[in-house]
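>>> Could you look at this predicted model? Sequence included:
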Amino acid sequence: MSTSDRIFEVRNLDVSFELNRGASRVVRDVDMDIYREETLGIVGESGSGKSMLASSLLNAVVEPGICSGEVTYYPRNGEPVSVLELSEAELKRFRWEQVAMVFQGAMSSFNPVMRVRTHFRETLQDHNRDIPAGMDRARSLLESVYLDPDRVLSAYPHELSGGMKQRALIALSLILEPEVLVMDEPTAALDLLMQRSIVSLLDELQAEHDLTIIFITHDLPLLTKIADRLTVMYAFGLIESGTVDEILYNSSHPYTRALLAATPDLDVPVDEMHAIEGSKPDPVDRISGCSYHPRCPMADMHCENNDPPMEQISSTHRAACFYHEEAAEAIPLRGDGNNPKQKGAVHE
Ligand SMILES: Nc1ncnc2c1ncn2[C@@H]1O[C@H](COP(=O)(O)OP(=O)(O)OP(=O)(O)O)[C@@H](O)[C@H]1O
Ligand code: NI
(Lines give C-alpha, C1' and ligand atoms only; values in the text may rest on other atoms or scores of the structure.)
(Ligands and ions follow the chains in the order given, each with its own letter.)
Protein backbone atom coordinates (compact mmCIF):
# COMPACT_ATOMS: atom_id res chain seq x y z
CA MET A 1 0.00 0.00 0.00
CA SER A 2 1.46 3.32 -0.97
CA THR A 3 0.78 6.64 0.66
CA SER A 4 -1.27 7.65 -2.36
CA ASP A 5 -3.91 5.11 -1.29
CA ARG A 6 -4.43 6.81 2.02
CA ILE A 7 -7.85 8.12 2.87
CA PHE A 8 -7.03 9.18 6.44
CA GLU A 9 -3.77 10.25 7.97
CA VAL A 10 -3.77 10.68 11.74
CA ARG A 11 -0.78 12.24 13.46
CA ASN A 12 -0.06 12.93 17.15
CA LEU A 13 -3.72 12.63 17.99
CA ASP A 14 -4.62 13.30 21.59
CA VAL A 15 -8.01 13.55 23.24
CA SER A 16 -8.24 14.87 26.77
CA PHE A 17 -10.78 15.93 29.34
CA GLU A 18 -10.18 18.29 32.24
CA LEU A 19 -11.53 16.45 35.26
CA ASN A 20 -11.57 17.62 38.88
CA ARG A 21 -9.01 14.99 39.74
CA GLY A 22 -6.69 16.00 36.89
CA ALA A 23 -6.29 15.91 33.13
CA SER A 24 -7.62 12.71 31.62
CA ARG A 25 -5.90 11.72 28.37
CA VAL A 26 -8.18 9.20 26.73
CA VAL A 27 -6.37 9.04 23.36
CA ARG A 28 -2.58 9.32 23.43
CA ASP A 29 -0.29 10.19 20.61
CA VAL A 30 -1.96 8.11 17.92
CA ASP A 31 -0.34 7.92 14.48
CA MET A 32 -2.36 5.95 11.98
CA ASP A 33 -2.98 5.67 8.26
CA ILE A 34 -6.20 4.31 6.85
CA TYR A 35 -6.27 3.14 3.25
CA ARG A 36 -8.96 3.65 0.66
CA GLU A 37 -11.46 0.80 0.38
CA GLU A 38 -9.99 -1.25 3.17
CA THR A 39 -11.81 -2.52 6.23
CA LEU A 40 -9.83 -1.53 9.28
CA GLY A 41 -10.75 -3.20 12.54
CA ILE A 42 -9.98 -1.44 15.81
CA VAL A 43 -9.97 -3.74 18.81
CA GLY A 44 -9.21 -3.25 22.49
CA GLU A 45 -10.75 -3.77 25.90
CA SER A 46 -13.57 -1.64 27.19
CA GLY A 47 -12.39 1.88 28.04
CA SER A 48 -9.21 1.69 25.97
CA GLY A 49 -10.19 4.67 23.81
CA LYS A 50 -11.67 3.08 20.69
CA SER A 51 -14.80 5.22 20.56
CA MET A 52 -12.83 8.38 21.31
CA LEU A 53 -10.43 7.58 18.47
CA ALA A 54 -13.30 6.85 16.10
CA SER A 55 -15.13 10.05 16.94
CA SER A 56 -11.91 12.02 16.46
CA LEU A 57 -11.93 10.97 12.80
CA LEU A 58 -15.12 13.00 12.45
CA ASN A 59 -14.12 15.68 14.95
CA ALA A 60 -17.10 14.48 16.94
CA VAL A 61 -15.57 13.93 20.37
CA VAL A 62 -18.17 14.66 23.07
CA GLU A 63 -17.99 17.96 24.92
CA PRO A 64 -15.87 19.01 26.73
CA GLY A 65 -13.26 16.69 25.24
CA ILE A 66 -10.36 18.40 23.49
CA CYS A 67 -8.87 16.89 20.35
CA SER A 68 -5.39 17.90 19.28
CA GLY A 69 -3.00 16.76 16.58
CA GLU A 70 -3.81 16.25 12.92
CA VAL A 71 -6.51 14.30 11.17
CA THR A 72 -6.24 14.67 7.41
CA TYR A 73 -8.86 13.25 5.09
CA TYR A 74 -8.02 12.70 1.43
CA PRO A 75 -11.21 12.72 -0.66
CA ARG A 76 -11.30 10.90 -3.96
CA ASN A 77 -11.79 14.23 -5.65
CA GLY A 78 -10.55 17.48 -4.23
CA GLU A 79 -8.13 18.87 -1.74
CA PRO A 80 -7.09 17.22 1.54
CA VAL A 81 -9.27 18.20 4.48
CA SER A 82 -7.93 19.08 7.96
CA VAL A 83 -10.77 17.56 9.92
CA LEU A 84 -9.95 19.11 13.28
CA GLU A 85 -10.03 22.58 11.72
CA LEU A 86 -13.45 22.39 10.08
CA SER A 87 -16.18 24.84 11.09
CA GLU A 88 -19.50 23.57 12.47
CA ALA A 89 -21.18 24.06 9.09
CA GLU A 90 -18.37 22.28 7.25
CA LEU A 91 -18.45 19.47 9.78
CA LYS A 92 -22.14 18.88 9.32
CA ARG A 93 -21.58 18.27 5.63
CA PHE A 94 -18.38 16.32 6.12
CA ARG A 95 -20.05 13.91 8.55
CA TRP A 96 -22.75 12.80 6.19
CA GLU A 97 -21.35 13.39 2.75
CA GLN A 98 -17.77 12.17 3.19
CA VAL A 99 -17.59 10.11 6.35
CA ALA A 100 -20.72 8.59 7.82
CA MET A 101 -21.02 6.93 11.17
CA VAL A 102 -23.09 4.27 12.80
CA PHE A 103 -22.26 4.65 16.45
CA GLN A 104 -22.52 2.73 19.65
CA GLY A 105 -26.09 2.59 20.87
CA ALA A 106 -27.23 3.16 17.32
CA MET A 107 -30.45 1.36 18.13
CA SER A 108 -31.65 4.55 19.72
CA SER A 109 -30.44 6.92 17.04
CA PHE A 110 -33.69 6.84 15.10
CA ASN A 111 -36.15 9.41 16.36
CA PRO A 112 -38.97 7.26 17.78
CA VAL A 113 -41.75 9.61 16.69
CA MET A 114 -40.61 9.81 13.06
CA ARG A 115 -41.30 7.22 10.40
CA VAL A 116 -38.19 5.80 8.77
CA ARG A 117 -39.13 7.60 5.54
CA THR A 118 -38.92 10.98 7.29
CA HIS A 119 -35.37 10.25 8.42
CA PHE A 120 -34.26 9.70 4.83
CA ARG A 121 -36.23 12.67 3.55
CA GLU A 122 -34.95 15.11 6.17
CA THR A 123 -31.36 14.06 5.63
CA LEU A 124 -31.73 14.65 1.89
CA GLN A 125 -33.44 17.98 2.52
CA ASP A 126 -30.82 19.17 5.01
CA HIS A 127 -28.15 18.55 2.42
CA ASN A 128 -30.06 20.13 -0.47
CA ARG A 129 -30.39 16.90 -2.40
CA ASP A 130 -33.02 16.10 -4.96
CA ILE A 131 -35.75 14.31 -2.97
CA PRO A 132 -37.25 11.98 -5.60
CA ALA A 133 -33.82 10.83 -6.78
CA GLY A 134 -32.68 10.48 -3.17
CA MET A 135 -35.72 8.43 -2.19
CA ASP A 136 -35.07 6.13 -5.15
CA ARG A 137 -31.61 5.66 -3.78
CA ALA A 138 -33.06 5.01 -0.33
CA ARG A 139 -35.18 2.21 -1.76
CA SER A 140 -32.31 0.57 -3.52
CA LEU A 141 -30.12 0.87 -0.41
CA LEU A 142 -32.84 -0.73 1.71
CA GLU A 143 -33.13 -3.52 -0.83
CA SER A 144 -29.39 -4.04 -0.75
CA VAL A 145 -29.57 -4.56 3.03
CA TYR A 146 -32.37 -7.08 2.42
CA LEU A 147 -35.23 -4.96 3.67
CA ASP A 148 -38.58 -4.38 2.00
CA PRO A 149 -38.45 -0.65 1.18
CA ASP A 150 -42.22 -0.05 1.28
CA ARG A 151 -42.67 -1.72 4.59
CA VAL A 152 -39.63 -0.19 6.26
CA LEU A 153 -40.05 3.35 4.96
CA SER A 154 -43.57 3.60 6.31
CA ALA A 155 -42.70 1.99 9.64
CA TYR A 156 -41.92 3.70 12.91
CA PRO A 157 -38.58 2.64 14.40
CA HIS A 158 -40.21 0.58 17.20
CA GLU A 159 -42.02 -1.49 14.60
CA LEU A 160 -38.71 -2.89 13.36
CA SER A 161 -36.67 -5.63 15.02
CA GLY A 162 -33.16 -4.80 16.28
CA GLY A 163 -31.53 -6.30 13.23
CA MET A 164 -33.87 -4.54 10.84
CA LYS A 165 -33.33 -1.23 12.59
CA GLN A 166 -29.59 -1.66 12.38
CA ARG A 167 -29.73 -2.46 8.67
CA ALA A 168 -32.04 0.52 8.08
CA LEU A 169 -29.52 2.74 9.86
CA ILE A 170 -26.72 1.46 7.67
CA ALA A 171 -28.84 2.28 4.60
CA LEU A 172 -29.55 5.74 6.02
CA SER A 173 -25.87 6.37 6.70
CA LEU A 174 -25.13 5.69 3.02
CA ILE A 175 -27.85 7.91 1.59
CA LEU A 176 -25.47 10.78 0.75
CA GLU A 177 -22.88 8.46 -0.80
CA PRO A 178 -20.06 8.84 1.74
CA GLU A 179 -16.65 7.34 1.04
CA VAL A 180 -16.09 6.14 4.58
CA LEU A 181 -18.32 4.35 7.03
CA VAL A 182 -17.23 4.38 10.68
CA MET A 183 -19.02 1.73 12.71
CA ASP A 184 -18.65 1.65 16.47
CA GLU A 185 -19.90 -1.63 17.95
CA PRO A 186 -22.67 -1.73 15.36
CA THR A 187 -23.61 -5.30 16.11
CA ALA A 188 -23.13 -5.39 19.87
CA ALA A 189 -26.82 -5.62 20.73
CA LEU A 190 -27.62 -8.18 18.05
CA ASP A 191 -27.74 -11.92 18.26
CA LEU A 192 -25.04 -14.00 16.69
CA LEU A 193 -26.87 -14.80 13.50
CA MET A 194 -27.79 -11.19 12.88
CA GLN A 195 -24.20 -10.08 13.60
CA ARG A 196 -22.90 -12.44 10.99
CA SER A 197 -25.48 -11.43 8.45
CA ILE A 198 -24.64 -7.75 8.93
CA VAL A 199 -20.99 -8.53 8.47
CA SER A 200 -21.55 -10.30 5.17
CA LEU A 201 -23.82 -7.52 4.07
CA LEU A 202 -21.08 -4.97 4.78
CA ASP A 203 -18.82 -6.89 2.45
CA GLU A 204 -21.33 -6.53 -0.36
CA LEU A 205 -21.99 -2.86 0.36
CA GLN A 206 -18.29 -2.15 0.43
CA ALA A 207 -17.72 -3.63 -3.00
CA GLU A 208 -20.77 -1.97 -4.46
CA HIS A 209 -20.08 1.52 -3.09
CA ASP A 210 -16.25 1.50 -2.97
CA LEU A 211 -16.46 2.11 0.77
CA THR A 212 -13.70 2.38 3.30
CA ILE A 213 -14.94 0.81 6.53
CA ILE A 214 -13.63 1.39 10.03
CA PHE A 215 -15.12 -1.16 12.34
CA ILE A 216 -14.71 -0.92 16.11
CA THR A 217 -15.49 -3.69 18.51
CA HIS A 218 -14.14 -5.78 21.32
CA ASP A 219 -15.31 -8.85 19.46
CA LEU A 220 -11.99 -9.97 18.02
CA PRO A 221 -13.39 -13.09 16.33
CA LEU A 222 -15.93 -10.96 14.51
CA LEU A 223 -13.20 -8.59 13.30
CA THR A 224 -11.11 -11.38 11.87
CA LYS A 225 -14.01 -12.18 9.56
CA ILE A 226 -14.57 -8.70 8.28
CA ALA A 227 -11.31 -6.75 8.47
CA ASP A 228 -8.31 -6.53 6.14
CA ARG A 229 -6.16 -4.96 8.81
CA LEU A 230 -6.38 -4.80 12.57
CA THR A 231 -5.22 -2.16 14.99
CA VAL A 232 -5.02 -3.00 18.66
CA MET A 233 -5.52 -0.35 21.34
CA TYR A 234 -4.34 -0.58 24.89
CA ALA A 235 -4.49 2.16 27.51
CA PHE A 236 -5.56 4.90 25.08
CA GLY A 237 -2.89 4.27 22.48
CA LEU A 238 -2.18 1.97 19.55
CA ILE A 239 0.12 -0.89 20.45
CA GLU A 240 0.06 -3.08 17.35
CA SER A 241 -1.27 -3.01 13.83
CA GLY A 242 -0.99 -5.35 10.88
CA THR A 243 -2.93 -7.46 8.44
CA VAL A 244 -5.40 -9.87 10.00
CA ASP A 245 -2.99 -12.75 9.38
CA GLU A 246 -0.07 -10.88 10.91
CA ILE A 247 -2.08 -10.16 14.04
CA LEU A 248 -3.58 -13.64 14.31
CA TYR A 249 -0.55 -15.74 13.50
CA ASN A 250 2.42 -13.53 14.17
CA SER A 251 1.39 -11.00 16.81
CA SER A 252 4.38 -9.35 18.38
CA HIS A 253 2.95 -7.39 21.28
CA PRO A 254 2.44 -9.21 24.59
CA TYR A 255 -0.98 -7.61 25.03
CA THR A 256 -2.20 -8.77 21.63
CA ARG A 257 -0.91 -12.23 22.39
CA ALA A 258 -2.62 -12.26 25.78
CA LEU A 259 -5.81 -11.19 24.05
CA LEU A 260 -5.54 -13.99 21.50
CA ALA A 261 -4.61 -16.53 24.14
CA ALA A 262 -7.66 -15.50 26.16
CA THR A 263 -9.94 -15.94 23.15
CA PRO A 264 -10.82 -19.61 23.41
CA ASP A 265 -12.10 -20.09 19.93
CA LEU A 266 -12.01 -17.62 17.10
CA ASP A 267 -15.35 -18.93 15.91
CA VAL A 268 -17.11 -18.16 19.16
CA PRO A 269 -17.49 -14.54 20.12
CA VAL A 270 -16.84 -14.02 23.80
CA ASP A 271 -16.22 -11.05 25.97
CA GLU A 272 -12.66 -12.22 26.00
CA MET A 273 -11.02 -9.04 27.24
CA HIS A 274 -11.89 -9.47 30.89
CA ALA A 275 -9.85 -12.63 31.06
CA ILE A 276 -6.57 -10.73 31.11
CA GLU A 277 -5.10 -10.37 34.57
CA GLY A 278 -4.41 -7.08 36.26
CA SER A 279 -6.43 -3.91 36.57
CA LYS A 280 -7.35 -1.59 33.77
CA PRO A 281 -5.38 1.60 33.26
CA ASP A 282 -6.81 4.90 34.45
CA PRO A 283 -6.69 7.79 31.93
CA VAL A 284 -5.73 10.26 34.67
CA ASP A 285 -2.70 8.28 35.84
CA ARG A 286 0.57 8.80 34.10
CA ILE A 287 2.23 5.45 33.95
CA SER A 288 5.94 5.74 33.31
CA GLY A 289 7.43 3.59 30.61
CA CYS A 290 5.35 1.15 28.61
CA SER A 291 1.63 1.44 29.38
CA TYR A 292 1.32 -2.35 29.47
CA HIS A 293 4.25 -3.01 31.82
CA PRO A 294 2.13 -3.41 35.00
CA ARG A 295 0.35 -6.40 33.41
CA CYS A 296 3.06 -7.72 31.13
CA PRO A 297 4.82 -10.98 32.02
CA MET A 298 7.83 -9.92 29.95
CA ALA A 299 8.31 -6.47 31.47
CA ASP A 300 11.63 -5.52 33.07
CA MET A 301 13.22 -2.30 34.35
CA HIS A 302 13.71 -1.04 30.84
CA CYS A 303 9.95 -1.31 30.18
CA GLU A 304 9.15 0.43 33.46
CA ASN A 305 11.27 3.42 32.58
CA ASN A 306 11.00 3.81 28.82
CA ASP A 307 8.09 4.23 26.48
CA PRO A 308 8.52 1.78 23.59
CA PRO A 309 8.22 3.32 20.12
CA MET A 310 6.29 1.58 17.35
CA GLU A 311 8.75 -0.80 15.70
CA GLN A 312 8.32 -1.75 12.07
CA ILE A 313 8.12 -5.54 11.82
CA SER A 314 7.09 -5.80 8.18
CA SER A 315 5.91 -3.19 5.70
CA THR A 316 2.39 -3.66 7.07
CA HIS A 317 3.09 -4.71 10.66
CA ARG A 318 4.09 -2.52 13.62
CA ALA A 319 4.23 -3.14 17.35
CA ALA A 320 5.20 -1.01 20.33
CA CYS A 321 7.27 -3.44 22.39
CA PHE A 322 10.99 -3.57 23.14
CA TYR A 323 10.78 -7.36 23.15
CA HIS A 324 8.59 -7.93 20.12
CA GLU A 325 11.04 -10.49 18.79
CA GLU A 326 10.70 -12.63 21.92
CA ALA A 327 6.96 -12.23 22.47
CA ALA A 328 5.93 -15.26 20.42
CA GLU A 329 8.06 -17.58 22.49
CA ALA A 330 7.25 -15.98 25.83
CA ILE A 331 3.50 -15.95 25.30
CA PRO A 332 2.44 -19.01 23.34
CA LEU A 333 -1.02 -19.10 21.88
CA ARG A 334 -3.39 -21.94 22.32
CA GLY A 335 -2.83 -24.21 19.37
CA ASP A 336 0.68 -22.94 18.71
CA GLY A 337 2.54 -25.71 17.04
CA ASN A 338 -0.59 -27.48 15.85
CA ASN A 339 -1.77 -25.09 13.24
CA PRO A 340 0.55 -25.28 10.24
CA LYS A 341 -0.16 -21.68 9.38
CA GLN A 342 0.88 -20.59 12.87
CA LYS A 343 3.90 -22.80 12.93
CA GLY A 344 5.37 -21.21 9.87
CA ALA A 345 4.78 -17.75 11.22
CA VAL A 346 6.30 -18.12 14.69
CA HIS A 347 9.50 -16.16 15.23
CA GLU A 348 12.67 -18.21 15.33
N1 LIG B 1 -17.48 12.23 28.60
C2 LIG B 1 -16.33 11.76 29.10
N3 LIG B 1 -15.58 12.51 29.93
C4 LIG B 1 -14.40 12.04 30.41
N5 LIG B 1 -13.90 10.82 30.13
C6 LIG B 1 -14.61 10.03 29.32
C7 LIG B 1 -15.86 10.45 28.76
N8 LIG B 1 -16.34 9.44 27.99
C9 LIG B 1 -15.43 8.45 28.08
N10 LIG B 1 -14.40 8.80 28.87
C11 LIG B 1 -13.22 7.99 29.18
O12 LIG B 1 -12.45 7.84 28.01
C13 LIG B 1 -11.80 6.58 27.98
C14 LIG B 1 -11.96 5.96 26.63
O15 LIG B 1 -13.34 5.74 26.39
P16 LIG B 1 -13.91 5.09 25.07
O17 LIG B 1 -15.39 5.25 25.11
O18 LIG B 1 -13.21 5.64 23.88
O19 LIG B 1 -13.50 3.56 25.27
P20 LIG B 1 -13.87 2.32 24.33
O21 LIG B 1 -12.59 1.65 24.02
O22 LIG B 1 -14.71 2.76 23.21
O23 LIG B 1 -14.69 1.39 25.35
P24 LIG B 1 -16.00 0.48 25.07
O25 LIG B 1 -15.47 -0.79 24.43
O26 LIG B 1 -16.53 0.22 26.43
O27 LIG B 1 -16.92 1.23 24.20
C28 LIG B 1 -12.42 5.76 29.10
O29 LIG B 1 -11.46 5.64 30.12
C30 LIG B 1 -13.59 6.57 29.57
O31 LIG B 1 -13.76 6.46 30.97
NI1 NI C 1 -16.66 2.43 22.71
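That came through, no problem. Numbers count the residues shown, from 1 in each chain. Ligands and ions are numbered 1, 2, ... in the order given.
>>> from here on, contacts and neighbour counts on C-alpha atoms
Noted.
>>> any low-confidence regions in the chain?
Applying pLDDT under 70 to the predicted model, the residue ranges of the chain that meet it are 1-4, 104-108, 264-276, 334-348.
>>> Would you mind listing what in it touches ligand 1?
Near ligand 1, the residues belonging to the chain are Phe17, Val26, Glu45, Ser46, Gly47, Ser48, Gly49, Lys50, Ser51, Met52, Pro283 when assessed by C-alpha under 6 Å from any ligand atom.
>>> Mind telling me what element the closest residue to ligand 1 within the stretch 151-300 of the chain is part of?
Nearest residue of the stretch 151-300 of the chain to ligand 1 (C-alpha to the nearest ligand atom) works out as Pro283 at 5.5 Å. Using DSSP states H and E, Pro283 is not contained in any helix or strand.
>>> Wait, it touches Arg21, no?
No. Pro283 is beyond contact range of Arg21, at 10.9 Å (criterion: C-alpha atoms under 8 Å).
>>> Give the buried residues for stretch 77-95.
By neighbour count on 16 or more other C-alpha atoms under 10 Å, the buried set for stretch 77-95 is Val83, Leu84, Leu91, Phe94, Arg95.
>>> Provide a list of residues in contact with the residue of the stretch 151-300 of the chain closest to ligand 1.
Taking C-alpha atoms under 8 Å, 6 or more residues apart in numbering as the contact definition, Pro283 lies against Ser24, Arg25, Val26, Ala235, Phe236.
>>> What about these, which are in strands?
Counted as lying in strands by DSSP state E, out of these, are Ser24, Arg25, Val26.
>>> Just give the number of residues close to the second one.
When counting by other C-alpha atoms under 10 Å, one arrives at 24 neighbours for Arg25.
>>> ok, and the spatially closest residue to it that is not a sequence neighbour, which helix or strand is that part of?
Nearest-residue entry for Arg25: Ser16, 4.2 Å, with adjacent residues in sequence omitted and distances by C-alpha to C-alpha, 6 or more residues apart in numbering. Using DSSP H and E, Ser16 sits within strand 6-19.
>>> what packs against that strand?
Helices and strands in packing contact with strand 6-19 are listed as strand 22-35, strand 66-73; criterion 3 or more C-alpha pairs under 8 Å, 6 or more residues apart in numbering; DSSP states H and E.
>>> Contacts for that strand next, please.
Contacts to strand 6-19, defined as C-alpha under 8 Å, 6+ apart, come from residues 23-36, 52, 56, 64-75.
>>> mind checking the backbone torsions on the residue most central in space within the chain?
Among the residues of the chain, the smallest C-alpha distance to the mean C-alpha position (C-alpha atoms, centre = their mean) belongs to Ile216, namely 2.9 Å. Recorded main-chain torsions at Ile216 are phi -110, psi 130, according to degrees, to the nearest 10.
>>> same check, this time on Ser279
Given degrees, to the nearest 10, the pair of backbone angles that Ser279 has is phi -90, psi 160.
>>> now swap in the one 4 residues further on and tell me
Main-chain torsions, Pro283, degrees, to the nearest 10: phi -70, psi -20.
>>> Also the one 3 residues further on?
Backbone dihedrals for Arg286, given as degrees, to the nearest 10, come out at phi -110, psi 100.
>>> ranges for the helices of the protein?
When secondary structure is read from DSSP state H, the chain shows helices at 50-57, 88-93, 116-126, 131-144, 149-153, 162-173, 192-209, 220-226, 244-250, 254-261, 301-305, 327-330, 340-345.
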